[in-house]
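Engineer: Pasted the sequence and its predicted model underneath.
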Amino acid sequence: MQKLEARNVNLFYGEKQALKDISLGIDPNTVTAFIGPSGCGKSTFLRCFNRMNDLIDNVRITGDILIDGRNIYKSKINVDEHRKKIGMVFQKPNPFPKTIYENVAFGLRIKGVKDKSVLDETVERSLRQAALWDEVKDDLKKSALSLSGGQQQRLCIARTMAVEPSVILMDEPASALDPLSTAKIEELIYELKSKYTIVIVTHNMQQAARVSDKTAFFYLGELIEYNTTTTIFTNPKKEQTHNYITGRFG
Amino acid sequence: MQKLEARNVNLFYGEKQALKDISLGIDPNTVTAFIGPSGCGKSTFLRCFNRMNDLIDNVRITGDILIDGRNIYKSKINVDEHRKKIGMVFQKPNPFPKTIYENVAFGLRIKGVKDKSVLDETVERSLRQAALWDEVKDDLKKSALSLSGGQQQRLCIARTMAVEPSVILMDEPASALDPLSTAKIEELIYELKSKYTIVIVTHNMQQAARVSDKTAFFYLGELIEYNTTTTIFTNPKKEQTHNYITGRFG
Amino acid sequence: GGGSSKKASGTLSGEIKIDGSSTVYPLSEAVSEEYRNEESGVRVTVGESGTGGGFKKFSRGEIDINDASRPITSEEIELCKQGGVEFIELPVAYDGLAVVVSKENDFVDFLTIAELKKLWEPEAQGKIKNWNQVRASFPDQPINLYGAGTASGTYDYFTEAVVGKAKSSRGDYNASEDDNVLVKGVSSDKNALGYFGLAYYENNSDKLKLVPISANGKPGILPSQETVSNGTYTPLSRPEFIYVNAKSADRPEVKSFITFYLENAASLAQEIGSVPLKPEVYKLVQARFDKKVTGSAFGVGRSTIGVNLTEALSSGTK
Amino acid sequence: MVSVKERIIEVILFLCSLLTVLITLGIIVILASETFNFFSKVSIIEFFTETEWTPLFANKKFGILPLVCGTLLVTVIAILVALPLGLTIAVYLNEYANQKFTAVVKPLLEILAAIPTVVYGFFALTFVTPLLQRVLPNLSGFNALSAGLVMGVMIIPYISSLSEDALRAVPKSLREAAYGMGSTRLQTAFKVMVPAASSGIIVSVILAISRAIGETMIVAIAAGQEPKLTLNPLTSLETITTYIVQVSMGDVPRNSIEYSTIFSAGITLFIFTFLLNNISFVIKRKYHQKYE
Amino acid sequence: MNNSQVNRIKDTAFKFFAIACTFFGLLVLAVLLYDILSKGLTRIDLDFITNLPSRRAASAGIYTALLGMIWILVLTVIIAFPIGIAAGIYLEEYGKRNRFANFIEINIANLAGVPSIIYGILGLELFGRILGLGNSILTGSLTLSLLVLPLIIVSTREAIKAVPKSIREAAYGLGATKWQTIYSIVLPSSFGGILTGLILAISRAVGETAPLIVIGALVYVPFAPTNPMDEFTVLTIQIFNWVTRPQAGFVTNAAAAIIILLLFTFMMNGIAVILRNRYNKKTRF
Ligand SMILES: Nc1ncnc2c1ncn2[C@@H]1O[C@H](COP(=O)(O)OP(=O)(O)OP(=O)(O)O)[C@@H](O)[C@H]1O
Ligand SMILES: Nc1ncnc2c1ncn2[C@@H]1O[C@H](COP(=O)(O)OP(=O)(O)OP(=O)(O)O)[C@@H](O)[C@H]1O
Ligand SMILES: [Mg+2]
Ligand SMILES: [Mg+2]
Ligand SMILES: O=P([O-])([O-])[O-]
């Protein structure tokens, strides 16, 4: 069974259609890259998977989104519970203005976990997974805002993993970072693949080529081409895809 | 003689140094591209040439900038007059909230030109040069804001040309536009080269490769490499340049 | 200071609410301030809504004592009846109504009641605007008027004494319940003419010029302690009262306060620029209070202009 | 599916915001019902056409015009002071002054709007009027001029700060385009920035007018209490707000015609400011959309 | 002269004119402060603060007015703050979707512009007469609560709006419910902004005079209030009372009381500015 599946998804912001009849399936424990020019709907589509678009006024969605075969828009699903299973990492690092520790512990706290040892353990495990533990282990009580951008982004990844999701959605997670931090994040994605299903939106074609197993190319709200990353980059079937990856526009 | 020349330019925003000892010369009637990752100082450097950075508090500049051999920071230059000779086009189209006609005529009006026939003539000539005349000639009295993004950008170019500058500075002029408009602007740049000296900042490497004669690569406020565009893209001398144009970061 | 007996702060407590006349206000204020040294546990508040405004509250039972610069009217008596309020009427001082102009005014030597009438009657509204319309020998300058607000006893008394009918006045003047505002206005306006209680003049005599008033062809008379007290300053002299709610009068703190009031009214009135009653009159008044004589000694329709208090009080007491 | 707790919280929060509607309703109902009483006794035509206002006197006249006229006269004086000064300051702070200067001066000017109005009343009566009387010997002790001038100074920051905000909200790119073409600062300011920020500036002026119309203490202390249909700023006059204060200071019996006059005067004031506020709100909405 | 020179001269001329305007505003402020300080500063001493009112200017004090003000403020804070903050949260976080919220928004913008004296009329009729609370402290603070409510709501909304969408999304993304997100992320992050608004609201309440006059607070109250049903006087009313008295001594008293009032106002506004700056720095996300 596919981990994530979209069937004929259309999405409207008010009058404006941002996604047009998109269908695609994503296998477990793979990395999938969404690419396409600015405004083509990559983020919008990504956010359909954890119903983040619900937060925006005037959004209307048709079609089905299935996670582990369950339609998350149809059944009487508890959205908050659902989101706990789908982690999300954003373009700009967005730590809470709290301590590093409290950032990572947040997901547990809202679940009502109060046991100090459980919290400590989870914080450490998550920070280790995000390859941040060694850098911050002595400063857990410091404000997360005092970290560098790259560290903040890894903190956000750690925070996501603390609630043990099975899918991680990443919206241009490295675009605000320097080359070194970018490399670290890419490495991390590669490592996390064994445990999670990862979907990543990126502007950087080389990044898509480096980290992903499959790539989907979007243009003006449509899914133009979806294939293995190698195929997309070496032998695209559509001219638009070709034009885009060779930098004719975007 | 070189049209534009920078000699050991350093620029500080308050404490922070944004440009580090930059020297470079630009020949007349060429297109020069500035490339580099976000925040490396491309825009800052571009704006040195028409003293646009003067508008920001706490900016300190050392070194010399020469235009046609005249030091524009040293001599008792009239900045307003100087800026009339150096046109500038910005990333986001920024027409004034006035009619199309008044946008193009603005430069003449502030010079005190009142003669209707001179104005009419200049407006038409500039719009023709910017390849916009045919699309707007019947709507000159309409608000400039009613134009599409691509048209607005060409209007801004026409507006710039109305005051007959000899240099045009462009800061990512196509990054907010769709592929079609981008192509039009690129074409325009190519045509304008015969009359103007053009400097263009771009994020899009392929665009730099397509339109420019020479390319300068900036990184963290330093000019890493400056050479003919062909050399930069096919045979860069520095590893950083190589990494950047192959998309290792940025 | 006015407190006659300086014993240690007393043992009484409670609240006494006073409101009403702004002419009587300084006296009540002074009394309650001195009373504070006597009985610090009793909390006295004094408002100045004007005599009429005060009677409105008094008849609703909202206040214990109403200050009045004229006797209660028959309508007000009726209102009190409806509100179930019985009252004890106590004169506490005399007042002269001062007619004043700015210090800079050098042409007004005196005014006759007739001239005042011409100036203040309702028909003057919008018409009499210049000094020379009052008397031809006055200069052709605008005249700016300042007078008591319509809720005040001063207004009622002045209109009755000058125009001949209570509450009958032009409306286009600076009207305020607060005589301080009037003092302020007249003193800073060289074209001004105004009227208010004598006490307010006495306290600000450096800024104002008092106008002698001539009635019935007699020469102009200035109001003063003497002319008011001996009745020569007519028709603009009048008694001031406090009206005590008879129910409140049973409360020990009110009883003690009123006694204190009557004991000290003479000296305090002098201090603030009002004119005290004669000592024997205060005795009569105290007796009236002690006996809880309710009702007004000033029968309906009887004017207080030129009234003889001793006579009125004795007639009321029997 | 939303949990019960979440629902309850939402309902409580909702009720709190509903309260604001009740306040408005309260104001309208209370003003309107007494005004209704008023108009059952006084003809609405008299109210708007009669030129005298003497409801407290024996010869009662119920023309609101003198009060409206007094209110507007003081407001006009105030705006004549505040608009040129405020707008010039806004342009200066935005276009000429450096950020540090602006950062210091703007809050300092805002102090002007934070000072309690009773203080301004004191200042107008005890300082400005005597000062003006030296130049204008015919000036009454209470007068519209000093009240208006002082009120004008008080509302400077409404115009300067809000207009400065509006100017600052103009996209930086427009300003740069103007400079890029060789405009001087003055040209940039008045040919590009002010027109582009015009709606915001208009909003600031409307708010300032509305504030001036509703201002009470300055006029109550310094402008006098004589309802007069005049355009002469040197004499005393009465504004709507002063009248309400004047009546409130004496106690007026309920259900009397005098009592309902505060409500008819109050509703006139309310309608004025209500219209102004709504106009500014609509303009504000529009221009927010323009730049988003 | 060519055109460019003319333009430069105009530019410079405007600059000097504008500097003059700016300093005129500040000059008036300076003169006002100087005038008041010179009239009242010498009058301020401990007695002035602790004395009860008196008919003699020299021995009158502001004790009852100060206590009255504190009573009024405390009650206003207790009444208005929770309601205002809750309403602000609703409008910013919940109410965006429906038309009714839009209506409430217009309504609040309107309320913020209603002249304060109208609130006085509302308070007089609603609290003073219909609810029968008279001219008590409670009536005063209820009236002022209504007056500052729009202010609190607006500043709460501004503060909440300044919290970046991204950290909300992060919280939702972790599965937090709406209220959890608001309570544990949004409110702490906007705390500084909300507090700033609250302090400005207090400062506004301190400076109000007209609505209190309308509800009938202009009386001689020579004792300190002890409960919410007591009659009261506040600093502004005391000043108004003294300002209208003609004797020089009371003008001095008024000036002295104004100094105290201004100290209070400036202190409040100063705290607000400091808070705003500090908070802006700390939470630049
Ligand atoms: N909240 C919104 N309301 C209305 N339109 C929106 C909203 N968010 C996005 N859009 C529009 O929907 C389209 C798709 O937006 P989306 O953010 O998904 O693009 P994207 O591919 O992620 O672009 P980018 O690479 O710039 O992030 C765009 O045209 C955008 O303007
Ligand atoms: N007004 C300013 N004040 C302080 N620092 C600034 C200012 N403008 C730019 N900088 C800093 O100067 C550096 C260079 O900025 P600049 O805008 O020139 O970069 P850029 O190469 O044009 O980037 P981009 O591609 O994002 O436009 C950046 O670190 C930026 O943060
Ligand atoms: Mg996106
Ligand atoms: Mg740039
Ligand atoms: O004494 P009065 O205030 O009623 O004139």
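Structural biologist: Received the coordinates, thanks. Ligands and ions are numbered 1, 2, ... in the order given.

Engineer: Chain neighbours aside, what residue packs nearest to residue D:60?
Structural biologist: residue D:54 (6.1 Å; C-beta to C-beta, 6 or more residues apart in numbering or on different chains). Bear in mind the C-beta positions are built from the backbone N, C-alpha and C, glycine included.

Engineer: go on, residue E:101?
Structural biologist: Spatial nearest neighbour of residue E:101, excluding adjacent residues (C-beta to C-beta, 6+ apart): residue E:95 at 3.1 Å.

Engineer: Neighbours of that neighbour, how many?
Structural biologist: If you count neighbours by other C-beta atoms under 10 Å in any protein chain shown, residue E:95 ends up with 20.

Engineer: For the residue nearest to residue D:60, give me phi and psi.
Structural biologist: Dihedral angles of residue D:54 (phi, psi; degrees, to the nearest 10) stand at phi -140, psi 50.

Engineer: That one and residue C:175 touch, don't they?
Structural biologist: No: between residue D:54 and residue C:175 there is no contact under C-beta atoms under 8 Å: 9.2 Å.

Engineer: Identify the single longest helix in chain C, thanks.
Structural biologist: When chain C is parsed with DSSP state H, its longest helix is helix C:252-272.

Engineer: quick one: residue A:84 from ligand 5, how far?
Structural biologist: Distance of residue A:84 to ligand 5, computed by C-beta to the nearest ligand atom, to the nearest Å: 74 Å.

Engineer: What are the boundaries of the helices in chain E?
Structural biologist: Taking DSSP H, the helices of chain E run over residues E:3-40, E:46-50, E:63-89, E:99-113, E:116-123, E:137-161, E:165-173, E:178-181, E:187-207, E:210-214, E:235-243, E:248-282.

Engineer: Could you do chain A as well?
Structural biologist: Here chain A has its helices, by DSSP H, at A:42-48, A:79-85, A:100-111, A:116-129, A:133-136, A:149-161, A:179-192, A:205-211, A:229-234, A:239-245.

Engineer: could you give the mean pLDDT of the shortest one?
Structural biologist: What it means is helix A:133-136. If you average the pLDDT over helix A:133-136, you get 90.

Engineer: Is stretch E:161-172 positioned near chain A?
Structural biologist: Yes: under the criterion of C-beta under 8 Å from any C-beta of the partner chain, chain A is reached by stretch E:161-172 at E:164, E:166-172.

Engineer: Which of those residues lies at the shortest distance from chain B?
Structural biologist: Nearest to chain B among those: residue E:166, at 18.1 Å, using C-beta to the nearest C-beta.

Engineer: Now do that closest one, the pLDDT please.
Structural biologist: 84.

Engineer: Now it. Nearest residue, chain neighbours left out?
Structural biologist: Nearest to residue E:166 is residue A:94, by C-beta to C-beta, 6+ apart, at 3.8 Å.

Engineer: What number of residues are in the vicinity of residue 114?
Structural biologist: Defaulting to chain A. Residue A:114 has 9 nearby residues by other C-beta under 10 Å.

Engineer: wait, chain E
Structural biologist: By the criterion of other C-beta under 10 Å, residue E:114 has 23 neighbours.

Engineer: repeat for residue C:230
Structural biologist: Using other C-beta under 10 Å, residue C:230 has 12 other residues around it.

Engineer: Make sure residue C:175 is indeed in a helix.
Structural biologist: No: counting by DSSP: H, G, I helix; E, B strand; the rest coil, residue C:175 falls outside a helix, being strand.

Engineer: For the stretch 151-292 of chain D, give me the ranges with low pLDDT.
Structural biologist: Applying pLDDT under 70 to the stretch 151-292 of chain D picks out residues D:250-254, D:288-292.

Engineer: I should have written chain E there, sorry.
Structural biologist: Within chain E, the stretches with pLDDT under 70 are E:1, E:96-98, E:280-285.

Engineer: Check it and tell me which residue is nearest its centre.
Structural biologist: Central residue of chain E (C-alpha atoms, centre = their mean): residue E:204, 1.5 Å from the mean position.

Engineer: quick one on the thing from earlier: could you redo the residues of stretch E:161-172 next to chain A as JSON lines and give each row distance to residue D:198 and neighbour count?
Structural biologist: Below are those laid out as JSON lines (distance: C-beta to C-beta, whole Å; neighbours: other C-beta atoms under 10 Å in any protein chain shown):
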{"residue": "E:164", "distance to residue D:198": "30", "neighbour count": "14"}
{"residue": "E:166", "distance to residue D:198": "33", "neighbour count": "16"}
{"residue": "E:167", "distance to residue D:198": "36", "neighbour count": "22"}
{"residue": "E:168", "distance to residue D:198": "34", "neighbour count": "22"}
{"residue": "E:169", "distance to residue D:198": "36", "neighbour count": "19"}
{"residue": "E:170", "distance to residue D:198": "39", "neighbour count": "25"}
{"residue": "E:171", "distance to residue D:198": "40", "neighbour count": "24"}
{"residue": "E:172", "distance to residue D:198": "39", "neighbour count": "23"}
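
Engineer: Which pair of these spans the longest distance?
Structural biologist: The span of the residues of stretch E:161-172 next to chain A, defined through C-beta to C-beta, is set by E:164 and E:172 at 13.1 Å.

Engineer: Tell me which of residue D:54 and residue C:175 has more neighbours.
Structural biologist: residue C:175 (27 against 23).

Engineer: Does the more buried one touch residue C:154 like I think?
Structural biologist: No: using C-beta under 8 Å, residue C:175 is not in contact with residue C:154; the gap is 10.8 Å.

Engineer: intersection of neighbour lists for those two?
Structural biologist: Shared contacts of residue C:175 and residue C:154, defined by C-beta atoms under 8 Å, 6 or more residues apart in numbering or on different chains, comprise residue C:148.
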